[in-house]
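>>> Please work out how this folds:
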Amino acid sequence: MKNISLKVPDQLDEQIGDLANRRDVSRSEIVREALAEYLTSAAPPGSSVLSKTLDLAGCAYGPEDLSSNPAHLEGYGE
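Predicted coordinates for the structure are as follows:
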């Protein structure tokens with residue numbers, strides 16, 4: 001495992017220490033977990049909202065023509 005050094009504000013240092021004590025793990029473990037979670041959730045270059053929501057396509061039911069059917073726009077903006 002590689003070593004890295006970083007500077008953190010005092011408040012963040014306290015939060016890391018408090019969490020490490022509560023969970024009875026090392027401060028390094030807390031930082032490793034936080035970095036891993038951040039890197040996993042960070043969007044890769046070129047990703048889009050569409051690519052992240054493809055699994056949701058077709059999961060909702062309702063009228064399919066809301067944006068083009070004038071009947072659905074009655075009273076809009078009044």
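>>> Any regions of this protein where pLDDT drops low?
43-46, 63, 66 (pLDDT under 70).
>>> hmm, 80 instead?
For the chain, the stretches with pLDDT under 80 are 42-52, 54, 57-78.
>>> in it, which spans are strands?
Along the chain, no stretch is classed among the strands by DSSP state E.
>>> Find the centremost residue of it, please.
Among the residues of the chain, the one closest to the centroid is residue 41, at 5.6 Å (CA atoms, centre = their mean).
>>> That residue and residue 5, how far apart?
Distance of residue 41 to residue 5, given as CB to CB, to the nearest Å: 24 Å. All C-beta spots, glycine's among them, are computed from the backbone N, C-alpha and C.
>>> What number of residues are in the vicinity of residue 74?
Residue 74 has 7 neighbours, counted by other CB atoms under 10 Å.
>>> Same check on the one 3 residues further on?
The burial count assigned to residue 77 is 4, neighbours taken as other CB under 10 Å.
>>> quick one, helices of this protein?
Along the chain, counting by DSSP state H, helices occupy 10-23, 27-41, 49-53.
>>> about what we covered before: contacts only, for the residue nearest to the centre of the chain.
Counting by CB atoms under 8 Å, 6 or more residues apart in numbering, residue 41 makes contact with nothing.
>>> Please tell me how far it sits from residue 28.
In this view, residue 41 and residue 28 are 21 Å apart by CB to CB.
>>> related to what we said a few turns ago, format the helices of the chain as a markdown table; extra columns: distance to residue 70.
Output for the helices of the chain, formatted as a markdown table (distance: least, CB to CB, whole Å):
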| stretch | distance to residue 70 |
| --- | --- |
| helix 10-23 | 55 |
| helix 27-41 | 41 |
| helix 49-53 | 28 |
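>>> Can you say which of these is nearest to residue 1?
Residue 1 lies closest, by CB to CB, to one member of the helices of the chain: helix 27-41, at 9.0 Å.
>>> May I have the closest one as PDB, with CA atoms only?
The C-alpha trace of helix 27-41 is given here as PDB (Å, rounded to 0.1, in the frame of the first residue of the first chain):
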ATOM      1  CA  ARG A  27      -8.100   7.500  10.600                       C
ATOM      2  CA  SER A  28      -6.500   6.100   7.400                       C
ATOM      3  CA  GLU A  29      -9.400   3.700   7.000                       C
ATOM      4  CA  ILE A  30     -11.900   6.600   7.200                       C
ATOM      5  CA  VAL A  31     -10.000   8.500   4.500                       C
ATOM      6  CA  ARG A  32      -9.500   5.500   2.300                       C
ATOM      7  CA  GLU A  33     -13.300   4.700   2.400                       C
ATOM      8  CA  ALA A  34     -14.200   8.400   1.700                       C
ATOM      9  CA  LEU A  35     -11.800   8.500  -1.200                       C
ATOM     10  CA  ALA A  36     -13.000   5.200  -2.700                       C
ATOM     11  CA  GLU A  37     -16.700   6.300  -2.400                       C
ATOM     12  CA  TYR A  38     -15.900   9.700  -4.000                       C
ATOM     13  CA  LEU A  39     -14.000   8.200  -6.900                       C
ATOM     14  CA  THR A  40     -16.700   5.600  -7.500                       C
ATOM     15  CA  SER A  41     -19.400   8.200  -7.600                       C
END
